[in-house]
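[1] Got a sequence here, can you model it:
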Amino acid sequence: MVTNQILTAIKNRRSIRKYTKDDVPNEAIDTVLEAGRWAPSGLNNQPWKFAIIKDKDIKQKLSVLTESGRIVKECNACIAVFYSLPEGYNRDKDILAIGACVQSMLLSAHSLGIGTVWLGEILNRKSDVNKLLKVGDDCELMAVIALGYPAQSPKSSRKKLAKLIIKNL
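    Residues are numbered from 1 along each chain as shown. As a prediction, the model looks like this:
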């Protein structure tokens, strides 16, 4: 199998759920957002919007909206990723593009030595998150990414590739 820096980064990135107290600089967060901004999207519509959350009081309030509350409270920052409905043109394609945006941000953070975890369960409280962050109904929450310097080194495993291929024509 051919290997390269990107594949190595993809294989080495892990979901980090425990963080040090060290501050993630705003410049690093900007770099992570920049990576998301350059993700591919249908018709180049870039249907994403971001809310950066570093304020401890807001993170505390956000933490009660998810089973991952401890992570939200302990991380240095969160990035809420929204689907900007006015920018959309095809919901399925737009949501896939937002997934690519999130993956780009996770890999960018990893390249900077910043740990992340993609929080999804919080989507059960989309309207509450919008209300807390004062985001209009024209944006739909798609993910919350917790960021911080890792205080753990989790292991991971994957299914064998042969188990994932359903056809090889």
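[2] quick one: the helices in this structure?
    Secondary structure of the chain (DSSP state H): helices at 5-12, 26-37, 56-63, 69-74, 91-111, 126-133, 161-164.
[3] Quick check: chain neighbours aside, which residue is closest to Lys155?
    Leaving aside its sequence neighbours, Lys155 sits nearest to Arg14 (CB to CB, 6 or more residues apart in numbering; 7.9 Å). C-beta here means a position set from N, CA and C on the backbone, and glycine is covered the same way.
[4] Could you find the closest non-adjacent residue to Gly148?
    Gly148 sits nearest to Tyr19 (CB to CB, 6+ apart), 2.9 Å away.
[5] Most distant residue from the centre of this structure?
    For the chain, the largest distance from the centre (CA atoms, centre = their mean) belongs to Leu169, which lies 34.6 Å off.
[6] and the longest strand for the protein?
    Ranked by residue count, the top strand of the chain under DSSP state E comes out as strand 139-148.
[7] residues contacting Lys49?
    Lys49 sits next to 81-84, 135, 139 when contact means CB atoms under 8 Å, 6 or more residues apart in numbering.
[8] and it, what pLDDT?
    The confidence metric pLDDT takes the value 98 at Lys49.
[9] who does it bridge with?
    Beta bridges link Lys49 to Phe82, judged by DSSP bridges.
[10] Make sure the residue nearest to Gly148 is actually in contact with Lys73.
    No: taking CB atoms under 8 Å as the definition, Tyr19 is not a contact partner of Lys73, at 10.3 Å.
[11] So between these two, which is more surrounded?
    Between Tyr19 and Lys73, Tyr19 has the larger neighbour count (other CB atoms under 10 Å), namely 23 against 14.
[12] Spatially central residue in this structure, please.
    Ile145 (3.8 Å).
[13] Name the nearest residue to that one, ignoring sequence neighbours.
    Excluding its sequence neighbours, the residue lying closest to Ile145 (CB to CB, 6+ apart) is Ile79, at 4.6 Å.
[14] Alright, I will stop here.
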